[in-house]
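**Q** Sequence and predicted structure, then a few things I'm wondering about:
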Amino acid sequence: MVVLYFLQILTYLSVISVVKAELYSPTDDDVIILDVNNFEKLVLNSESAWIVEFYNSWCGHCINFAPTWKKLATDVKGWQPVINVGAIDCSSSENLPMCRKYDIKGFPTFKLFQFGAVEGDKGEEFQNQDFHALRMKMIDFVMQRTSYEKPKSWPKLEPLESIDGIWNEAGDHHDYVALVFEDEKSYLGRAVVLDLCTEKRILIRRMLSDSVKKYGITEFPSLYLIHRDGKFERLAAKETDRQAFVDVLRSLVKSSKDDLPKKGDLGEEKSQNYSDTGVKYIPRNQSAYSSQTVQMTDLVSALHYSFRQEIAIHKSVSGPAIEALKKFIRVLAKYFPGREHVRNFIWRVSTWLNSLLEISGEGWLEKIDSFQTEDTFLPDKIQWMACRGSETRYRGYPCGLWTLFHTLTVSFFDTTRGSPSTDPLEVLDAIQGYMKFFFGCQECSKNFLKMAANIGSVVKSSEDSIMWLWKAHNQANRRLHGDISEDPSHPKIQFPSNSMCRACQSSNVTGPKGEIIWNVVEVKKFLLRFYDPDKILETAENVPWKKDVHSSEKNEKNLQLDWWERQQRKADLEKIRELRQFKLDRKKLKEVDKKESEDSRVNKTLDYAIANFEIANKRENNFNAGIKKERVPSGWGFNNIDFGICLMFYVMCTVILMILYYHFIVQRRYRPCNLLPF
């Protein structure tokens, strides 16, 4: 029971973690949250088309774009019978197979799925992220020709050729018939038709300006109500906002409460409120822990996410990508300052990868999992210490990856110090390749590669690699300061801060634009000291905030098991099962013994009878065998009895012959003749 309760708590906490990490919560009901369990059930074989954002909850660009995506979903909420707006979080390990299946390599990635999409349909990928452009893209996608007949529930977005044609579509249930007159390039009429596609009492069609000028209509766009007697009634004109057209048409059918516009139908952006999810996330006090240390747990967690998420999400890795991966893993194997079992694991991965020309994400996961042993394994958990944010969407992996990169450059410097044959770009080239092919945030990757464009002319030594990465990191912090992705409890500052290294900044001196004037020599000393592999904290017990951590967070942390801990736990569970089975077997044996004691006499009698039967049967078999032996024919087919009878008759015949001989020969010879009666 204790084990089952333990597993239940772990499952509950993992669910909470996923909910908190997502950019879209259940309260943002206009964005349909997709995951590995419902993605294909909802998207495939649907009568509606889909526009889906594949995002990563820690990606700064995804965080920046989330309000736009929510606004779009709210703006086109009435279009749901025709096209839905969804989102799936690829940073979740559960969703990894789905994101890999649809060949997602960067974030955010947008895909359009046509109605009736089937298994194997990868969708139409596009990159435009402008709000109005997204809405027009959705309309164009719905209108494009397909090999299938569109669902009958869909409204018609194509323009009418003549006004009379609308009466071929109007039915008895249509109380109102309206026409939108607009220019050819206008999207307003189609948006209005989609906005009111669920209003069964109104039939709305659109006509182009060239087709209606003969009717004396010269104002575009304009909205007219068409009566069955052929009369026109203008409802609105020269309105550029489609909402004015929608409001006028809705007012025609507001007789019932169900026809009134609901909150959110008018394109208003909803504010995000996570308190409605049932999950209460309390930001930790900033003073409760310190981020002014390098934690080994952060480095290992960054490796875990990199290996089991960012690399594994690729459907296939080949060509320049696999060469970049080989270089990155090789650098990790040489310079990662981690624990021995992690270093052994990285060396095994590097050795195996060197001979490959291509690998799938799924094959990559299977292979690295096969390398997990007692002495060689990568912990299978993510636990942020110094990189922990006030909410799970903040900091985390990007912070851990930056820390890993800095640590590699310092370890590279310590390892190759005094070696002139060493390539000074060895680590930075590996980092650049990883950022280009595997880092999920596409915008972040572009910015990093832009900064690294001149890296070959700047970096001439291992010391230069340390300083270049430091400058690049501060440049990124400057660009992201005040951004929506910034953790309010951990603002993007120029590193190191004055409190961390007073000698690193020139006091009371700034540049022409207010920038900090750095003492480069002191900064270099600080970086070598701060990222020194020998000074990395190895265990969670050394973290200052551990004593102040909330009890629920303690439980959560204790419940996070790495690979080897899970193996031990599995063995313990097997022992528990064996003990339970042993108890059941003992109980069964006791029942059998009790039954045997009650039936012991009967059993003994049966055993005795069976034994006697076997003995009798054996005797009978022996007797029959003896008879058969006596009856075995010999000679010319005569047995012993036949020979005995023959002998007896022989003796009798001999005796008779002797008597006759005596009577007729011997007695006659000695008898006198006178004595004869004749």
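**A** All right, it came through fine. Bear in mind that the values here come from a model prediction, so they are computed numbers and not experimental data.
**Q** Over to Val52: give its phi and psi.
**A** Per-residue torsions, Val52: phi -120, psi 130 (degrees, to the nearest 10).
**Q** OK, contacts around the residue nearest to it when sequence neighbours are not counted?
**A** The shortest distance from Val52 to any non-neighbouring residue, by C-beta to C-beta, 6 or more residues apart in numbering, is to Gly86 (4.6 Å). Placement of C-beta: from N, CA and C, glycine included. For Gly86, the contact set (C-beta atoms under 8 Å, 6 or more residues apart in numbering) comprises Val31, Ile32, Ile33, Leu34, Leu42, Val43, Trp50, Ile51, Val52, Glu53.
**Q** Asn56 too?
**A** Counting by C-beta under 8 Å, 6+ apart, Asn56 has contacts Cys62, Asp89, Cys90, Ser91, Phe107, Pro108, Gly440, Cys441.
**Q** Then His227?
**A** Val177, Glu233.
**Q** got it, and Leu469?
**A** Here Leu469 is in contact with Phe405, His406, Thr409, Leu428, Ile431 (criterion: C-beta under 8 Å, 6+ apart).
**Q** Verify the stated contact: the second one with His473.
**A** Yes - with contacts defined as C-beta atoms under 8 Å, His406 counts as touching His473 at a distance of 7.4 Å.
**Q** so which strand or helix has Phe54?
**A** strand 49-55 (DSSP states H and E).
**Q** Kindly apply the preceding question to His61 instead.
**A** helix 60-75.
**Q** Could you give me the buried positions within that helix?
**A** Applying a neighbour-count criterion of 16 or more other C-beta atoms under 10 Å, the buried positions in helix 60-75 are 60-67, 69-75.
**Q** quick one: which of the residues you listed is nearest Lys334?
**A** Relative to Lys334, the closest of the buried residues of helix 60-75 is Gly60; by C-beta to C-beta it sits at 29.9 Å.
**Q** Tell me how far that closest one lies from Asp483.
**A** 7 Å (C-beta to C-beta, to the nearest Å).
**Q** quick one on the thing from earlier: now the two most distant members of the contacts of Leu469.
**A** His406 and Leu428 (11.6 Å).
**Q** which of these two has more neighbours?
**A** The neighbour comparison of His406 against Leu428 (other C-beta atoms under 10 Å) goes to Leu428, with 27 against 19.
**Q** Just give the closest residue to that one, not the sequence neighbours.
**A** Ser465 (5.1 Å).
**Q** For the one you found, give me its contacts.
**A** Thr409, Phe412, Phe413, Pro424, Leu425, Val427, Leu428, Val459.
**Q** mind listing what Asp429 touches?
**A** Counting by C-beta under 8 Å, 6+ apart, Asp429 has contacts Lys327, Asp423.
**Q** helix/strand/coil for it?
**A** helix (DSSP: H, G, I helix; E, B strand; the rest coil).
**Q** Please report the distance of it from Thr409.
**A** With C-beta to C-beta as the criterion, Asp429 and Thr409 are 12 Å apart.
**Q** Kindly report the same for Leu527.
**A** Relative to Thr409, and taking C-beta to C-beta, Leu527 is found at 8 Å.
**Q** between these two, which one's more packed in?
**A** When Leu527 and Thr409 are compared for neighbours, Thr409 comes out ahead with 26 against 23, by other C-beta under 10 Å.
**Q** Check the gap between that one and Ala191 for me.
**A** Relative to Ala191, and taking C-beta to C-beta, Thr409 is found at 52 Å.
**Q** Show me the strands in the protein, by range?
**A** 32-34, 49-55, 83-89, 109-113, 124-126, 176-182, 202-208, 222-226, 232-237, 317-318, 358-359, 505-510, 516-518 (DSSP state E).
**Q** For those, give me TSV that also has distance to Asn498 and mean pLDDT.
**A** Converted to TSV, those look like this (distance: least, C-beta to C-beta, whole Å; pLDDT from 0 to 100):
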stretch	distance to Asn498	mean pLDDT
strand 32-34	43	94
strand 49-55	36	95
strand 83-89	38	95
strand 109-113	40	94
strand 124-126	46	91
strand 176-182	60	91
strand 202-208	63	92
strand 222-226	63	90
strand 232-237	61	84
strand 317-318	43	93
strand 358-359	47	93
strand 505-510	5	68
strand 516-518	9	87
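**Q** Fine by me, thanks again.
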